[in-house]
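Colleague: Only the shape, not the letters, is given here:
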């Protein structure tokens, strides 16, 4: 599961949790990046992450990847979007 909250200002902050679709366990060390940029972060031991992006307009795409998991691309369209990853 991926949950995100985005502000309306130029600086956008995305936060959420990445979990395994089968076990529902948090995914530690997953990479979250803004597609086409060098901006990114990783999840902590609880599968949680925060990513601050400056001067980026909606919509944009984030890429979630981790060893042993299929890479997922998620389009961020609005300021309060929840996306389920499976």
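Modeller: Good, I have the coordinates. Note that the structure is a prediction, hence the values are computed from the model and not measured.

Colleague: My read is that residue 43 contacts residue 32, right?
Modeller: Yes - using Cβ atoms under 8 Å, residue 43 makes contact with residue 32 at a distance of 7.2 Å. For every residue, glycine as well, the C-beta is placed using N, CA and C.

Colleague: Mutual contacts of those two, please.
Modeller: Jointly contacting residue 43 and residue 32 under the rule Cβ atoms under 8 Å, 6 or more residues apart in numbering are 18, 49.

Colleague: For the residue most central in space within the chain, name its beta-bridge partners.
Modeller: The C-alpha lying nearest the average C-alpha coordinate of the chain belongs to residue 32 (Cα atoms, centre = their mean; 5.1 Å). Counting by DSSP bridges, residue 32 is bridged to residue 41, residue 64.

Colleague: Correct me if wrong: it contacts residue 39.
Modeller: No - contact between residue 32 and residue 39 fails when scored by Cβ under 8 Å: they sit 9.5 Å apart.

Colleague: what about the nearest residue to residue 35 once chain neighbours are set aside, distance to residue 75?
Modeller: Once flanking residues are discounted, residue 35 sits nearest to residue 61: 4.1 Å by Cβ to Cβ, 6 or more residues apart in numbering. Remark: distance between residue 61 and residue 75 (Cβ to Cβ, to the nearest Å) = 5 Å.
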